[in-house]
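K.L.:
Got a sequence here, can you build the structure:
(chains A and B)
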Amino acid sequence: MTASQYGPRAAHLAQLNVATLRYPLDDPRMTSFVELLDPVNAAADGTPGFVWRLVEEGAADATELRPAGEDVIVNMSVWETREALWDFAYRSGHLEVMRRRREWFDRHVEAHLVLWWVPAGHLPTVDEALERLADLRAHGPSPRAFTFVSSFTAAEAEGAGSALLS
Amino acid sequence: MKDIDAIAVLQDPVRRRLYEYVAAQGREVGRNEAAEAAGVARTLAAHHLDKLAEAGLLESGSRRLTGRSGPGAGRPAKVYTRARTERSVSLPARDYLTAAGLLAEAAEEAGLDAGLRAAASRRGEALRGSTAPCVGLDEAMEVLAARGYEPYRADAGSAHDAEGPEGEAGAVVSVVRMRNCPFHALAEDFPPLVCGMNLALLEGLFGADGPVRARMDARPGECCVVVEVSKNNSD
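P.N.:
Presented below is the predicted three-dimensional model:
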């Protein structure tokens, strides 16, 4: 991260995931997913490069917040680098959750994950996150809103004048 | 350097031994160590190691291998690791990676995880053929090595595993981990789909109720699967 010495402000990577539940969370068919929430969230909190994750006030996670629909759970977090988030998402116990996703969630026709850069220290709001997801769905990947496969660097986001803090 | 030229550099048997030794260690290797492993003099090993680095097959750096620093620690030694760049040659030209990427993209979009896993599991069983499932980890290592996984033994030592391997008192329980993912490029782009396929393939290969079993235990920079002695068969 030497780029920060040459101009661009230190940036963190924000992430939003939406997932449509096949059954309500208290349905026995969702038990195996619900049981993984606490250990996997605890693993995220302890992962190098983890900055923040969305948690409902008074709860341990954000599964009861339903800003994108009654049966859609959201997962939102901020990480120091793309690599830190990628390694957690796909190279930790979280991969097992991803592998079993079809048991618990409907397939999304549209993008269900969006990534975007935020200035270090900024914690994105849910509205901001949903805007980024809508941007990705409407315009495809851009420095404003992208995915792992089509990712952009913080410098590219800055260069594209995407106003990190819009 | 073109892939075909880089691969041709390995035709020299000493170079090939050096390359295979460095690749198998999964860490930085110094000139002395590599020379000893290949059974050649240090200067000859150094020459060939540098040829391999020039060809882009190895990466070189310098480290103080003694762990000392400051005056009197000596000159940093040159060390080598296997380069991450993939090299392949197909004659006549073939491009299965593009085809695989397109199929994976379509499978991801259509949500075909379960169907892909079923196919991979059947393929694993077919690859095993009429052979009985591996009876132990040594045999599993051979099977995995033949498929390019670069397996190695590691201590199970997982404090989080509530069920914990019930080894005999003082016995070190070991598992097989793998340095190489044969599906690397695809697994980077479609991790849940392709890692799930990989696990199912290995489950088929080792049998559902065999003496050893494959389990997902992803870590950075390695294959997502670990192979261990089945819990009900751990004597």
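K.L.:
Which parts of chain B are helices?
P.N.:
B:3-8, B:13-25, B:31-38, B:42-54, B:96-110, B:113-128, B:137-146, B:184-189, B:191-206 (DSSP state H).
K.L.:
Of those, which is nearest chain A?
P.N.:
helix B:191-206 (3.8 Å; Cβ to the nearest Cβ). (Each C-beta comes from the backbone N, C-alpha and C, glycine too.)
K.L.:
just to revisit the earlier point, mind putting the helices of chain B in CSV, mean neighbour count and distance to chain A included?
P.N.:
CSV is the format used below for the helices of chain B (neighbours: other Cβ atoms under 10 Å in any protein chain shown; distance: least, Cβ to the nearest Cβ, whole Å):
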stretch, mean neighbour count, distance to chain A
helix B:3-8, 14, 24
helix B:13-25, 18, 21
helix B:31-38, 19, 29
helix B:42-54, 18, 25
helix B:96-110, 13, 8
helix B:113-128, 16, 5
helix B:137-146, 17, 19
helix B:184-189, 16, 5
helix B:191-206, 24, 4
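K.L.:
Tabulate the ones you listed (TSV), appending distance to B:S174.
P.N.:
Formatted as TSV, the helices of chain B follow (distance: least, Cβ to Cβ, whole Å):
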stretch	distance to B:S174
helix B:3-8	34
helix B:13-25	18
helix B:31-38	23
helix B:42-54	31
helix B:96-110	33
helix B:113-128	23
helix B:137-146	7
helix B:184-189	25
helix B:191-206	16
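K.L.:
Dump these into TSV; add mean pLDDT and distance to A:F146 as well.
P.N.:
TSV is the format used below for the helices of chain B (pLDDT from 0 to 100; distance: least, Cβ to Cβ, whole Å):
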stretch	mean pLDDT	distance to A:F146
helix B:3-8	95	30
helix B:13-25	95	34
helix B:31-38	96	42
helix B:42-54	96	35
helix B:96-110	95	16
helix B:113-128	96	23
helix B:137-146	95	36
helix B:184-189	94	14
helix B:191-206	96	17
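K.L.:
wait, which of these is closest to B:K78?
P.N.:
When the helices of chain B are compared by Cβ to Cβ, helix B:31-38 sits nearest B:K78, at 6.0 Å.
K.L.:
what does the closest one contact?
P.N.:
Helix B:31-38 is contacted by residues B:14, B:17-18, B:21-22, B:41-42, B:44-46, B:49, B:77-78, B:80 when judged by Cβ atoms under 8 Å, 6 or more residues apart in numbering or on different chains.
K.L.:
again, only this time at 10 Å
P.N.:
B:13-22, B:24-25, B:29-30, B:40-50, B:52, B:58, B:60, B:65, B:77-80 (Cβ atoms under 10 Å, 6 or more residues apart in numbering or on different chains).
K.L.:
Now for the residue nearest to B:L144 when sequence neighbours are not counted: which residues touch it?
P.N.:
With Cβ to Cβ, 6 or more residues apart in numbering or on different chains as the measure, B:P151 is the residue that lies nearest to B:L144, at 4.1 Å, once sequence neighbours are left out. Counting by Cβ under 10 Å, 6+ apart, B:P151 makes contact with B:137, B:140-145, B:176-180, B:223, B:227.
K.L.:
how close does B:R117 get to B:L193?
P.N.:
Distance, B:R117 to B:L193, using Cβ to Cβ, to the nearest Å: 9 Å.
K.L.:
who touches both of the two?
P.N.:
Common contacts of B:R117 and B:L193 (Cβ under 10 Å, 6+ apart): A:R99.
K.L.:
tell me, how many neighbours does B:D209 end up with?
P.N.:
Using other Cβ atoms under 10 Å in any protein chain shown, B:D209 has 10 neighbouring residues.
K.L.:
for the one 5 residues further on, same thing?
P.N.:
B:A214 has 24 neighbouring residues, counting by other Cβ under 10 Å.
K.L.:
before we move on, what about A:V51?
P.N.:
17.
K.L.:
Next, the residue most central in space within chain B: phi, psi?
P.N.:
Central residue of chain B (Cα atoms, centre = their mean): B:N180, 2.3 Å from the mean position. Dihedral pair for B:N180: phi -120, psi 140, per degrees, to the nearest 10.
K.L.:
Isn't it up against B:A187?
P.N.:
No: using Cβ atoms under 10 Å, B:N180 is not in contact with B:A187, being 11.1 Å away.
K.L.:
Common neighbours of those two, please.
P.N.:
Here B:N180 and B:A187 have B:C223 as joint contacts, going by Cβ under 10 Å, 6+ apart.
K.L.:
which bits of chain A sit near chain B?
P.N.:
Residues of chain A that fall close to chain B, judged by Cβ under 10 Å from any Cβ of the partner chain: A:39, A:43, A:83-84, A:86-103, A:105-109, A:148-149.
K.L.:
if we go to 6 Å?
P.N.:
Chain A comes close to chain B at residues A:D87, A:Y90, A:R91, A:L95, A:E96, A:M98, A:R99, A:R102, A:R107, A:V149, as judged by Cβ under 6 Å from any Cβ of the partner chain.
K.L.:
And the furthest pair within these?
P.N.:
A:D87 and A:R107 (25.2 Å).
K.L.:
higher neighbour count, these two?
P.N.:
A:D87 (20 against 15).
K.L.:
tell me the SS of that one?
P.N.:
Using DSSP: H, G, I helix; E, B strand; the rest coil, the structure places A:D87 in helix.
K.L.:
Which pLDDT value goes with it?
P.N.:
pLDDT recorded at A:D87 is 95.
K.L.:
doesn't B:P220 make contact with it?
P.N.:
Yes: judged on Cβ atoms under 6 Å, A:D87 makes contact with B:P220 at a distance of 4.7 Å.
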